[in-house]
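# give me the fold of what follows.
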Amino acid sequence: MDISLILAHPDQNSFNHAIAHTALDVLIDAGHTVRFHDLYKEQFDPILYTEEIPRDTALDPIIACHCNEIANADGIIIVHPNWWGQPPAILKGWVDRVIRPGIAYRFLEGDNGEGIPVGLLKARAAIVFNTANTPEERENAVFGDPLEQIWKDCIFDLCGVLQFHRRMFRIMVTSDEIRRASWLTEVKEMIVQAFPKE
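Numbers count the residues shown, from 1 in each chain. Predicted coordinates:
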């Protein structure tokens, strides 16, 4: 399988990086082809420029590469921290520039963009791994878990990826090495279940 793996965390020593590299190792060991992007390391430009908005515009080669990879992916894995109930800005910019009409979704003929899009992504499954310092009870009671809505309802469901899995690891600031090792075991298990060995 062809898997897109997207990481958005600026600290190379973060647990997000440990998650992403664990995912990379598991996928390669299972015989999958992995398109891995560390957005901060690559200095991905998150700004959506006006001339890039039209559906049939000529895209910057880097954006065209990302679009091609996501359109052809059999599976997608996203790794990022929970910052103010949202992905980091660099990842939001990646969504703005890559999850675009004609690539990830389209509108029905005669629909000028006011209707419900039809998903175009061929990925059979998506996994989102998050880290946070907010207790689960507070997250759900006060904030309503906005990351679940963003990734499942607003992005993957609308783009045709109906098998969705998400795992939030918390609380990072008080976690020890034993706890983090157990979390990485969970990462491995989730990936193997969603993307079995070739």
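# neighbours of Ala104, how many?
For Ala104, the tally of surrounding residues (other Cβ atoms under 10 Å) stands at 23. Every residue, glycine included, has its C-beta placed from N, CA and C.
# measure it to Val192 for me?
26 Å (Cβ to Cβ, to the nearest Å).
# and if you look at Arg100?
With the distance defined as Cβ to Cβ, Arg100 ends up 31 Å from Val192.
# so for those two, which residue has more residues nearby?
Neighbour tally, Arg100 and Val192, criterion other Cβ under 10 Å: the higher count belongs to Arg100, 21 against 14.
# right, and that one touches Arg55 too?
Yes - the criterion here is Cβ atoms under 8 Å, and Arg100 meets it with Arg55 at 7.4 Å.
# could you pull out the strands for the chain?
If DSSP state E is used as the criterion, the strands of the chain fall at 2-7, 33-38, 75-81, 105-106, 118-119, 125-132, 163-170.
# please state the offset of the last one from the chain centre?
Right, the one you point to is strand 163-170. Between the centre of strand 163-170 and the centre of its chain there are 11 Å (Cα atoms, centre = their mean, to the nearest Å).
# what sits against the residue nearest the centre of the chain?
Closest residue to the average C-alpha location of the chain: Ile78 at 2.7 Å, with Cα atoms, centre = their mean. Applying Cβ atoms under 8 Å, 6 or more residues apart in numbering, one finds that Ile78 lies in contact with 6, 8, 87, 91, 126-129, 151.
# can I get those residues in a markdown table including pLDDT, distance to Glu177 and neighbour count?
Written out in a markdown table, the entries for the contacts of Ile78 read as follows (pLDDT from 0 to 100; distance: Cβ to Cβ, whole Å; neighbours: other Cβ atoms under 10 Å):
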| residue | pLDDT | distance to Glu177 | neighbour count |
| --- | --- | --- | --- |
| Ile6 | 99 | 26 | 25 |
| Ala8 | 98 | 24 | 25 |
| Pro87 | 98 | 26 | 23 |
| Leu91 | 98 | 27 | 23 |
| Ala126 | 98 | 29 | 25 |
| Ile127 | 98 | 24 | 24 |
| Val128 | 98 | 24 | 23 |
| Phe129 | 98 | 18 | 26 |
| Trp151 | 98 | 28 | 22 |
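# perfect, I'm done here.
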